[in-house]
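# sequence plus the predicted model coming up.
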Amino acid sequence: MNANASIKVQSAQRSVGVTQAMVAVFLRDVRVAFRQKQDLLNPLLFFTMVVTLFPLGVSPEVAFLKQSGAGILWVAALLSVLLSLDHLFRHDFDDGTLEQLMLQPQPLFLLVLAKTLAHWMLTGLPLVLLTPVLGLMLHLDGNSVATLCLTLLIGTPVLSLIGSIGAALTLGLRSAGVLLSLLIIPLYIPVLIFGTGTVAAAVEGAQVSGYLALMGAFLVLALTLAPFASAAALRISLSNS
Amino acid sequence: MWQFFHKLGSPKWFFGIANRFMPWLLAGGLILLVAGLVWGLAFAPKDYLQGNSYRIIFIHVPSAFLAQSIYIMMASAAVVTLVWRMKLADVFVKSVAPVGLMFTFLALFTGAVWGKPTWGTWWVWDARLTSMLILLFLYGGVIALDRSINDEKSAARAVAVLVLVGVVNIPIIKYSVNWWNTLHQPATFKLTEKPAMAMEMWVPLLLSVLGLYLLFGWLACLRMKTEILVRERRTRWVKDLVLAGRK
């Protein structure tokens, strides 16, 4: 390649801005997901099934469901996000896309952030949208369903962000699925506690803005720190393979 | 100073230092621990409320201390692994994680045994117990990740990232569990508000804490030496060492 061409290549790479690259990665992930619709559907089916197990396994009584409904929905949402995390980097890892992403001049953590946001939009957001229906089936009243949806809306991106670290660390390992759960569940506990705690406070008629602000703080913290950790973990996992 | 820093990274140098320190750590640890335990178990006065059952404190508290501080030590070593790629730091994290798990388990177990006579139940979803349980999970995750990556170098760095993510989360977990506990069940009994401890109980407790720390130092050296021998098995000095030992 002559010098002229290589300069051209360089300038072509530079002309793609960081935001542009992030949008491209985001749109690509969304497009790929919509071409494999089963992957989109699976977490939602899983979510519904786990929620169904509780009335069947514990008690279908209205009093019990009213009291535990928010907790059940939160745990089920947490598990479905956990289940879907394996897909976050797996396909791109298998076909080499991930290596190409790493070679981009744009900082890796921003591209990882774009991927994680796409993951949230494809799994977390549908879960939030399905929650009112399931909340109705668990006899939750309108006020708690609204609060529950709000906490899930703030909480599920945190789940995706923290989960991306685990997904990056376990990439390409044997029995990655179980390992991922082992690593990530302890880190999910604070989000779960505050998510269900907010709904409990709303049921008692207390002000929930403080709790929501705390969850928002979790979200900001996860948004700022998790992409760095995931990017570092991805570099380690890829140097390993 | 920098020469010392470089030396610290050399497994061979550490091997020699560890050999020199280990007898002292073992002897000091055993003496302090035995003194603390005999004093605490046999001579310290009975608790006016709990009778003799409180004496498990002389094992419970030192284990809980170590369980938490080992994680902090691992996190410091993890920073060293990621920043300076020092071999010894990841040997430390790898060798010490199972020890931390063991102490966490011991703290939970002795806590349960202590809880039965004092609270009337083996387990309470109390904030402190729950956060210890989560610490146990964190240790479990670190060990599981380390064992599933075959390549030594990437295992060390992946574990370091996980330990650091964990250490950022520990305060958040602790805080949220405290908050959850006060929300869900008002504390009926408080472990934290014990009557100010008598000197005759406090001194043996201090002795056993110090003793267990020294013993942990000895155990860490022992496990690190084993790990170093395995990792450096192809180097000249290890071969010489083994051959010299055979004569």
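Structure's in. What do you need?
# get me the contact residues on chain B for chain A.
Within chain B, the positions lying close to chain A (C-beta under 8 Å from any C-beta of the partner chain) are B:82, B:134, B:137-138, B:140-141, B:144-145, B:148-149, B:151, B:154, B:157-158, B:161-162, B:164-166, B:168-169, B:172-173, B:175-177, B:179-180, B:183. For every residue, glycine as well, the C-beta is placed using N, CA and C.
# quick check: next helix or strand after the helix-or-strand element of chain A with minimal mean pLDDT?
Using mean pLDDT, DSSP states H and E, the weakest-scoring helix or strand in chain A turns out to be helix A:3-15, at a mean of 55. Sequence-wise, the next helix or strand downstream of helix A:3-15 (DSSP states H and E) is helix A:18-35.
# average pLDDT across that next one?
In this model, helix A:18-35 has an average pLDDT of 91.
# mind listing what's buried in the longest helix belonging to chain A?
Assignment by DSSP state H gives helix A:209-240 as the longest helix of chain A. Going by neighbour count (16 or more other C-beta atoms under 10 Å in any protein chain shown), the buried part of helix A:209-240 is A:211-212, A:214-215, A:218-219, A:221-222, A:225-238, A:240.
# and if you look at stretch B:214-228?
For stretch B:214-228, burial by neighbour count (16+ other C-beta under 10 Å) applies to B:214-221, B:223-225, B:227-228.
# which residue is the nearest non-sequential neighbour of the residue sitting nearest the centre point of chain A?
Taking C-alpha atoms, centre = their mean, the centroid of chain A lies closest to A:Ser160, which sits 2.1 Å from it. Among residues not flanking A:Ser160 along the chain, A:Trp120 sits closest, at 4.1 Å (C-beta to C-beta, 6 or more residues apart in numbering or on different chains).
# was I right to think the one you found contacts A:Val158?
No - if you go by C-beta atoms under 8 Å, A:Trp120 and A:Val158 don't touch, sitting 9.3 Å apart.
# the more surrounded of those two?
For A:Trp120 versus A:Val158, neighbours defined as other C-beta atoms under 10 Å in any protein chain shown are more numerous around A:Val158 (27 against 21).
# could you report the distance from the more buried one to A:Thr151?
For A:Val158, the distance to A:Thr151 equals 11 Å [C-beta to C-beta, to the nearest Å].
# and the helices in chain A?
Using DSSP H, the helices of chain A run over residues A:3-15, A:18-35, A:37-57, A:62-84, A:86-95, A:97-103, A:108-119, A:125-137, A:142-169, A:176-203, A:209-240.
# likewise for chain B?
Here chain B has its helices, by DSSP H, at B:2-8, B:11-38, B:57-84, B:87-119, B:127-148, B:152-184, B:199-231, B:236-246.
# pLDDT (mean, whole number) over the third one?
What that stands for is helix B:57-84. The model assigns helix B:57-84 a mean pLDDT of 90.
# coming back round to it: any chance of the helices of chain A in a markdown table, plus distance to B:Ala89?
Converted to a markdown table, these look like this (distance: least, C-beta to C-beta, whole Å):
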| stretch | distance to B:Ala89 |
| --- | --- |
| helix A:3-15 | 37 |
| helix A:18-35 | 34 |
| helix A:37-57 | 39 |
| helix A:62-84 | 31 |
| helix A:86-95 | 27 |
| helix A:97-103 | 26 |
| helix A:108-119 | 24 |
| helix A:125-137 | 40 |
| helix A:142-169 | 18 |
| helix A:176-203 | 21 |
| helix A:209-240 | 15 |
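# of all the ones you listed, which has the lowest average per-residue confidence?
Lowest mean pLDDT within the helices of chain A: helix A:3-15, a mean of 55.
# tell me which of the buried residues of stretch B:214-228 is nearest to A:Asp39?
Nearest to A:Asp39, judged by C-beta to C-beta, of those is B:Glu227 at 41.3 Å.
# per-residue pLDDT, the closest one?
Looking at B:Glu227, its pLDDT reads 90.
# list the contacts of it.
Contact partners of B:Glu227, counting by C-beta atoms under 8 Å, 6 or more residues apart in numbering or on different chains, are B:Val91, B:Lys94, B:Ser95.
# same question for B:Phe43.
Contacts for B:Phe43 (C-beta under 8 Å, 6+ apart) come out as B:Glu200, B:Pro204.
# report the separation between it and chain A.
41 Å (C-beta to the nearest C-beta, to the nearest Å).
# ignoring the adjacent residues along the chain, who's closest to residue 18?
Chain wasn't specified; assuming chain A. In this structure, A:Val18 finds its nearest non-sequential neighbour in A:Gln106, 5.1 Å apart by C-beta to C-beta, 6+ apart.
# sorry, I should have been clearer: chain B.
Spatially, and ignoring its direct neighbours in sequence, B:Ala18 is nearest to B:Cys221 (4.2 Å; C-beta to C-beta, 6+ apart).
# so where is chain B shaky, pLDDT-wise?
Residues of chain B meeting the criterion pLDDT under 70: B:1-8, B:48-49, B:182-198, B:246-247.
# these two touch, right, B:His60 and B:Leu108?
No - B:His60 is not in contact with B:Leu108 according to C-beta under 8 Å; the separation is 9.5 Å.
# chain B contacts on chain A?
With C-beta under 8 Å from any C-beta as the criterion, chain A meets chain B at residues A:165, A:169-170, A:173-175, A:179, A:182-183, A:185-187, A:189-190, A:193-194, A:197, A:200-201, A:218, A:225, A:229, A:232-233, A:236-237, A:239-240.
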